[in-house]
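Asks: Okay, sequence plus prediction incoming.
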Amino acid sequence: MLKTISPKIWLAGVQWLFFMFTNTIVVPLSLGHAFQLAPDEIAASLQRSFILTGVLCILQALWGHRYAVMDGPAGLWWGLVLNLCASAPSVGLSLTEVGGGLASGFLLASLTMIVLGSLGFASFLKKIFTPIVMGVSLFLLTIQLVMTFFKGMLGLNSAGEVDLKVAILSIVIAIFVGILHLKGSRVISSYSILIGIIVGWIAYELIFPSVHSVQEQAGSFFSLFPWGAPNMQVGIILTAFIVGLINMTNSITCLVTVEKLYKTKTSDSQYKRSYLLTGIFTAFSACFGLLPFGLFTSSVGLLESTKILERKALIIGGAMFALLGIIPALSGLFSSLPASVGNAVLFVAYLQMFGTSLRTIQGIQFNSKTVYRIALPVLLGISIMNIPPQAFAILPLYIRPLFSNGLVMGVILSLVLETGINWSKYELPAAREPIAIPEMKNA
């Protein structure tokens, strides 16, 4: 069977490998430090994350949603966990108590996803996730990701200062990838992400030569509840439950968006199978000290950049990624990939998502009244993203992660506006009342 796979698909699989790696590597590392885990336990969590993510992507492509879409550690949970760890001392909780509460919350979120998914909850979500809500979600997700990657390109140190040499190299890499995608042949354009990572990695090593230390010996793969045993921290469990529901809506946004590339419709059974797999692996994450899983809408950016939609490529990439976790020497090698290089390449890849968000609302006309339905949630979300996290310290710990998340608040507001207001009665004057643009007079 392997002989029937073309070199094009093998290369696309390697490209998926790097995509998974750059989107995953920093998560277990940052969480391990947040929970003050020993180096060997952090190394073990890294391996568990690689293996579970790779296996889940394979199962989703073969049996779940059956698209070339990554399913990995959900960024929505990442901010929540880091926020709770940072705030634990101020509310008199130990990191073990926080970790145990999160483990309980993750298990509840897993059960909720499996049960609601099997009952056809996706049909309800699809009804309330109108093109406007999905457009808002994609706009804010694109902005959030691009802001994150741009900061990573600058090589910021602990004092928040820019490393000029790293920043210049990152910008050159981003321009290089952009030129490959725009000006390169169809083959070159399809592998611009992979080429950019390889060339950028080599350039970084030539400019910033360094000796990489050998990876620490990993702890036991089957170490249960490394963050803390499940407990009944009700506030944390409730917050995790709410975030779990919001994470379910992300699957709707992702699959509705990606099905347009495949020119098909996602069936109810596909949604059910996808939720089942994500829910089961979220339970694994609770047991093994990892973030819950979720579909990566950002996969759309990679698919639109490469134009390679074959599921075999994701399966190959997932198998290689799981292999990294099984063989510590390989995961140690890939761990030396400079973060600035990965961020520079992903910065370009995710620009495609902005076009996807525009196409989601294409054909909808706005006037001076209906423009609120998209402008208000998008601009509110961007505003929250640019407020320092410490500004929300006045809020109770258990709602702080929600209200300080611009993506979540923007989507929630969009849902409220779409379900609570009959916009059709404001759309009629659109043809007679376009949005006025004042003329600029010559000075």
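Replies: Thanks, I have the structure now.
Asks: switch to C-alpha atoms for all contacts and neighbour counts from now on
Replies: Fine.
Asks: Strands of the stretch 101-250 of the chain, residue ranges please.
Replies: Counting by DSSP state E, counting those that start in this stretch, the stretch 101-250 of the chain has no strands to list.
Asks: So, low pLDDT: which residues of it?
Replies: Along the stretch 101-250 of the chain, the parts satisfying pLDDT under 70 run over 210-221.
Asks: Repeat that for the stretch 301-443 of the chain.
Replies: Low-confidence segments of the stretch 301-443 of the chain (pLDDT under 70): 398, 428-443.
Asks: at 50 instead, please
Replies: 430-433, 442-443 (pLDDT under 50).
Asks: name the element residue 369 belongs to?
Replies: If you go by DSSP states H and E, residue 369 is not part of any helix or strand.
Asks: same deal with residue 294?
Replies: Residue 294 belongs to strand 293-295 when assigned by DSSP H and E.
Asks: tell me which strands and helices the following helix or strand past that strand is in contact with?
Replies: Along the chain past strand 293-295, the next helix or strand (assigned with DSSP H and E) turns out to be helix 299-306. Secondary-structure packing of helix 299-306 (3 or more CA pairs under 8 Å, 6 or more residues apart in numbering; DSSP states H and E): helix 186-190, helix 234-262, helix 339-349, helix 351-360.
Asks: ok, and for the first one, which residues are buried?
Replies: In this case it means helix 186-190. Buried residues in helix 186-190, defined by neighbour count with 16 or more other CA atoms under 10 Å: 188, 189, 190.
Asks: cool, stretch 22-38 as well?
Replies: For stretch 22-38, the neighbour count (16+ other CA under 10 Å) marks 22, 23, 24, 25, 27, 28, 29, 31, 32, 34, 35, 37 as buried.
Asks: before we move on, the earlier item: generate JSON lines for the helices and strands packed on helix 299-306, with distance to residue 174 as supplementary columns.
Replies: Listed next are those as JSON lines, based on distance: least, CA to CA, whole Å:
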{"stretch": "helix 186-190", "distance to residue 174": "14"}
{"stretch": "helix 234-262", "distance to residue 174": "25"}
{"stretch": "helix 339-349", "distance to residue 174": "5"}
{"stretch": "helix 351-360", "distance to residue 174": "11"}
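Asks: Go through those helices and name the closest to residue 72.
Replies: Closest to residue 72 of these, according to CA to CA: helix 234-262, at 11.9 Å.
Asks: buried sites along that closest one?
Replies: Across helix 234-262, burial judged by 16+ other CA under 10 Å covers 236-241, 243-244, 247-258.
Asks: do stretch 373-388 as well
Replies: Neighbour-count burial for stretch 373-388 flags 373, 374, 377, 378, 380, 381, 382, 384, 385 (criterion: 16+ other CA under 10 Å).
Asks: Residues contacting it, please?
Replies: Contacts made with stretch 373-388 from outside it, assessed by CA atoms under 8 Å, 6 or more residues apart in numbering, are listed as 132, 136, 139-140, 143-144, 404-411, 413-414, 417-418.
Asks: Could the C-alpha coordinates of it be exported in CSV?
Replies: Provided in CSV are the C-alpha atoms of stretch 373-388 (Å, rounded to 0.1, in the frame of the first residue of the first chain):
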residue,chain,number,x,y,z
ARG,A,373,-23.7,42.6,14.1
ILE,A,374,-20.1,42.1,13.0
ALA,A,375,-18.3,45.3,14.0
LEU,A,376,-19.3,45.2,17.7
PRO,A,377,-18.1,41.6,18.5
VAL,A,378,-15.0,41.8,16.3
LEU,A,379,-13.8,45.1,17.7
LEU,A,380,-14.7,44.1,21.3
GLY,A,381,-12.7,40.9,20.9
ILE,A,382,-9.7,42.8,19.5
SER,A,383,-9.9,45.4,22.3
ILE,A,384,-9.9,42.7,25.0
MET,A,385,-6.9,41.0,23.3
ASN,A,386,-4.9,44.2,23.7
ILE,A,387,-5.7,44.7,27.4
PRO,A,388,-3.0,43.4,29.8
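Asks: Next, find the distance separating residue 94 from residue 337.
Replies: The gap separating residue 94 from residue 337 is 34 Å, by CA to CA, to the nearest Å.
Asks: Tell me which of the two has more neighbours.
Replies: Taking other CA atoms under 10 Å, residue 94 and residue 337 do not tie; residue 337 has more neighbours (21 against 15).
Asks: who's in contact with that one?
Replies: Applying CA under 8 Å, 6+ apart, we find residue 337 in contact with residue 201.
Asks: name the element it belongs to?
Replies: Using DSSP H and E, residue 337 sits within no helix or strand.
Asks: For it, give me phi and psi.
Replies: phi -60, psi 120 (degrees, to the nearest 10).
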